[in-house]
Structure formats: C-alpha cells, structure tokens
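Participant: Need a 3D model of the following:
(2 chains, ligands or ions: 1)
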Amino acid sequence: MIFEVTPSQTVGPYFAIGMPYEGGHLIVPEGTPGAITITGTVYDGRGEVIPDHLIEFWQPDGDGRFVDVHGYGERSTLDGFRGFGRYGVEDGDGTYRMLTVKPGRVPGPGAGALQAPHIDVTLFARGMLNRVVTRIYFADEAEANAADAVLQTVPAARRHTLLAQPVDGGYRFDIHLQGADETVFFDL
Amino acid sequence: MSTAERDQGRETGQDEVRQIYDPVADTPSRYRRSPPEANPPLDYPPYKSTQTRHPKQPLVYLPHTVTEITGPQLQQAVRLAPTDSDLTVQHGGEPIGERIIVSGHVYDTEGKPLRGTLVEIWQANAAGRYAHRWDRWAAPLDPNFTGAGRCETDANGRYEFTTIRPGPYPWGNHYNAWRPAHIHFSVLGRAFTQRLVTQMYFPDDPFFPYDPIFNSVRDERARRRMISTFNIHETRPNWAQAFNWDIYLRGPAATPFEEAF
Ligand SMILES: [Fe+2]
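Facilitator: Numbers count the residues shown, from 1 in each chain, chains lettered A, B, ... in the order given. Here you go, the predicted model:
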C-alpha cells in the first residue's frame, strides 16, 4: 500500500519562535581552514527584500563527502562539519549568511558522471505554501559547470541565476522569487 | 491500517504491518514524486501574500542525485534536551489553557517509520497569541508559555509533545480573517528530498471553510491528512487530552523507470 504525503503549509511569519538554533549558520565551525562565507539577499516580486525568510543549505565537504548519518557513501572526516545550515532572519534586512567550505564534486546523475560543485538550497517564507528549492553553483567553476548535466537542462539565458559570484571572503548568491532575474527553482 | 488492527498490534507487542527503515538497505536512489494535488500550489490568489512570493517561471526538473537523497541530522546541533518536548515545563509556572498530548509517527509513503528524525514545532498560546514581537493582536501573552518544542522520533518512528491547545487567531489576509487553531510542524526526514514544513489542525474546527491556507490544499482527502484525531485511549486521566497525528514523508520511487533521466 502506498500512502500519500502530508501536504505542505506555509512556515508563516512566526517561525523564529522555534526554528532557529544557536550557530545554525555554521555549516563548518568557525576557524575551519578554507572556510568561506556565502551571503545573499532574498527579493520578492516587487523587488523588495523578504525580511522574514528561512533558508537552509545541504552540501558535501570539499572532498565531495556528506555527513549523511544514515551511512550513504563515504562519510566526511572534516572536523565539526555539519553539511547543513539554517538561517532565519525574521528581523533582519533580508540578507542571509552561511559559513561553509566550497563543496567538492559528487557523482551523478547516471553512471560515471560528475557534477559541478553545488549546494542544495531550501527557502521557506510567509506567503509560500510550499518550500522552493534551488541550487547554488559557482561562477568560477566554468569548466565543471559546462559539463554539469543538471545545469545543462536549465535554459541558457537563466543559468546565471544559479551562479554564486566570488566576493571578498566567499561568494554572493541573491535569490529573486520573480522578475527579470527570477532564480531558477527546481521540481524536486 | 484500522484502529482495531493497530490496537491488536499493540496488544501482541508486534507490528507486522510496519517495517522499520533500514538506514542503508532502504536508502532509495530516487524518491517518489507526489501527484500535484497532494500539495498546495505556490500561486494561490486567495492567500494574498503568495502573489509576489511565487516563482512565475516553470520549475526545472531535478533528478535525484546523491545530494538529494542524503540529509542532515541536527540532534547535536540543536542540543536536544528532554524538556524540549514538554512545552508546559519550560518556565517557572504552568501555562494557562487545555493541556494536550500530541503524538504520532513519522512514516514514509510506503508506511515505514522513520526513527531518529528531528520534529520541531511552534505555536500560539491558548489565547491565539504568539510569543513573537510581530504578533500584536489584542490577546494576552502567557509568561509561562513560549510555544516552541523539539524531539526526535523513537525506534518506532514515534514523536510526542506535551503542550497547550493553541487558540485560533485573526490575521490580515481579508476582512475578518481567522486562522483555524494549528501547530506548526517541521520535519527533517532522512533526505533533503523529504524535508517538510506544515501545520497540524484540530478536528472539526469551525474556521476550516474560511481559511485560504488550509484550503490551498485543493484535494479534500489531502486536507484531511493535516487534521489530527482525538484519542480517548491516550488521554491521561485528570491530566491531559490526547490528539494523534501521523506524518507521511515522501518514500522511494516505485520503480527505477518512474524517473528516467
Ligand atoms: Fe500560525
């Protein structure tokens, strides 16, 4: 017998009561060699920042290893690596900040293929009845990006919306829910 | 499974219908994609805030690769404490309201329980007011109630919270808009693909017909999956009422052919 899923509902305006936790933005501990900051701002369809959003990252370490607790693949040995970050800026300026390392390449889709470095991103907010999912790729990985099977399925004119741009100390990745630069969101 | 079957399983101490997820052997390489009516649309005009907060371009199909079929566990990061699951003991005194026990299982769509997965909740107090500075409507705060809880599912995939029944509350979506009473739930699951944030409702809430968020789920059977059930057998005499609510996360895709990439 197959059961149907429990439907999604909006995270609402008051998630900050329960969702954030101390150090949630620390995908790696402070002081980790090679740590970078990924920062960005989330915009709505009027081009205004969304101050009450909740964003989560999931990624492997620099060697392409996950901290998947269920034992999938070779486990990351990076000290204190969580692979997961959560940032909820309910009273902020719409800008998130994660401390992490640049992810390594991981296999797939299909046998023998390697993906370009990427981070899976979930975004929740009031006014969103379900999460939206996107991927962060890196603008300075042109060669790997050109060979990435997922990125190649994205219309060429929209691919730039998935590229984090190098900035001092890390990368910048803004998210636009609508508009000329609407971020590519995935059907997961 | 019927209540009778479940009760029988309990009496014999066995559950032959459910099988526990084996963490490695049961790691699916692809997850089942839900039919569109199972979830609310991102663009739903009766809920006005969706207007500027839904993507207008079509979503791009994402195959399930290793990044999507792996996932985090946060018990260490959030420093889970036993009192995190009892929202009535987090302050010096007893919060005001109807004491309730909310419990259930986290399953995947094959009915396999997910053990050790993080369940997080947040909610309004008995008067329908959130302990959040943006919530300013004319209902009292309760100094003994914050309204946030966390726990992990046990070896059978079961979670349990003790809390106060939240009140309904007004909001600004339209004239005289009220949210039915609800508890916000967040479940990590075991894979990025299974992540779920939703709301649990209470049986027979009179506000159901008027709430665009509840009704954004267009399929009636799907809506029913968001409503808890009252369970007299799990009430604690002279102590607390009991509500049950099972959560179903996405399970494995049926066949390797379901998602050709
Ligand atoms: Fe709420």
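Participant: count of residues packed around A:P7?
Facilitator: When neighbours are counted by other Cβ atoms under 10 Å in any protein chain shown, A:P7 registers 26. Where C-beta positions appear, they are placed from N, C-alpha and C, glycine not excepted.
Participant: so where do the strands sit in the stretch 101-250 of chain B?
Facilitator: B:118-123, B:148-152, B:158-164, B:169-171, B:177-179, B:182-187, B:196-201, B:229-230, B:241-244, B:247-249 (DSSP state E, counting those that start in this stretch).
Participant: and what of chain A?
Facilitator: A:36-43, A:53-58, A:84-88, A:95-100, A:119-125, A:132-138, A:163-167, A:170-172, A:175-176, A:186-187 (DSSP state E).
Participant: Save the ones you listed as JSON lines, and put in mean neighbour count and distance to chain B too.
Facilitator: Formatted as JSON lines, these follow (neighbours: other Cβ atoms under 10 Å in any protein chain shown; distance: least, Cβ to the nearest Cβ, whole Å):
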{"stretch": "strand A:36-43", "mean neighbour count": "20", "distance to chain B": "9"}
{"stretch": "strand A:53-58", "mean neighbour count": "25", "distance to chain B": "5"}
{"stretch": "strand A:84-88", "mean neighbour count": "23", "distance to chain B": "4"}
{"stretch": "strand A:95-100", "mean neighbour count": "22", "distance to chain B": "13"}
{"stretch": "strand A:119-125", "mean neighbour count": "24", "distance to chain B": "5"}
{"stretch": "strand A:132-138", "mean neighbour count": "23", "distance to chain B": "6"}
{"stretch": "strand A:163-167", "mean neighbour count": "16", "distance to chain B": "15"}
{"stretch": "strand A:170-172", "mean neighbour count": "19", "distance to chain B": "18"}
{"stretch": "strand A:175-176", "mean neighbour count": "20", "distance to chain B": "9"}
{"stretch": "strand A:186-187", "mean neighbour count": "15", "distance to chain B": "4"}
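Participant: Mind putting the ones you listed into a markdown table with mean pLDDT?
Facilitator: Listed next are the strands of chain A as a markdown table, based on pLDDT from 0 to 100:
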| stretch | mean pLDDT |
| --- | --- |
| strand A:36-43 | 97 |
| strand A:53-58 | 97 |
| strand A:84-88 | 96 |
| strand A:95-100 | 97 |
| strand A:119-125 | 98 |
| strand A:132-138 | 98 |
| strand A:163-167 | 98 |
| strand A:170-172 | 98 |
| strand A:175-176 | 98 |
| strand A:186-187 | 97 |
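Participant: Against chain A, how distant is B:P82?
Facilitator: 17 Å (Cβ to the nearest Cβ, to the nearest Å).
Participant: And for B:Q76?
Facilitator: B:Q76 is 8 Å from chain A, by Cβ to the nearest Cβ.
Participant: Over to B:V187?
Facilitator: From B:V187 to chain A the distance is 9 Å (Cβ to the nearest Cβ).
Participant: again with B:N238
Facilitator: Taken as Cβ to the nearest Cβ, the span from B:N238 to chain A is 29 Å.
Participant: low pLDDT regions in the chain?
Facilitator: Chain wasn't specified; assuming chain A. Within chain A, the segments meeting pLDDT under 70 span A:69-72, A:90-91.
Participant: Switch to chain B, please.
Facilitator: B:1-27, B:255-261.
Participant: Adding mean neighbour count, write the strands of the stretch 101-250 of chain B out as a markdown table.
Facilitator: Shown next, in a markdown table, are these (neighbours: other Cβ atoms under 10 Å in any protein chain shown):
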| stretch | mean neighbour count |
| --- | --- |
| strand B:118-123 | 24 |
| strand B:148-152 | 22 |
| strand B:158-164 | 21 |
| strand B:169-171 | 16 |
| strand B:177-179 | 19 |
| strand B:182-187 | 24 |
| strand B:196-201 | 23 |
| strand B:229-230 | 14 |
| strand B:241-244 | 19 |
| strand B:247-249 | 24 |
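Participant: Which one, of these, ends up nearest to B:V78?
Facilitator: Counting by Cβ to Cβ, B:V78 lies closest to strand B:148-152 out of the strands of the stretch 101-250 of chain B; the figure is 6.1 Å.
Participant: CA atoms of the closest one as CSV?
Facilitator: Taking C-alpha atoms only, strand B:148-152 is exported to CSV below (Å, rounded to 0.1, in the frame of the first residue of the first chain):
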residue,chain,number,x,y,z
ALA,B,148,8.4,26.0,20.8
GLY,B,149,9.4,22.4,21.1
ARG,B,150,11.7,19.7,19.6
CYS,B,151,12.0,16.0,19.8
GLU,B,152,13.3,13.1,17.8
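Participant: In terms of secondary structure, what does it contact?
Facilitator: strand B:118-123, strand B:158-164 (3 or more Cβ pairs under 8 Å, 6 or more residues apart in numbering or on different chains; DSSP states H and E).
Participant: would you turn the strands of the stretch 101-250 of chain B into TSV with distance to A:R172?
Facilitator: Formatted as TSV, those follow (distance: least, Cβ to Cβ, whole Å):
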stretch	distance to A:R172
strand B:118-123	29
strand B:148-152	32
strand B:158-164	38
strand B:169-171	34
strand B:177-179	36
strand B:182-187	27
strand B:196-201	26
strand B:229-230	48
strand B:241-244	45
strand B:247-249	33
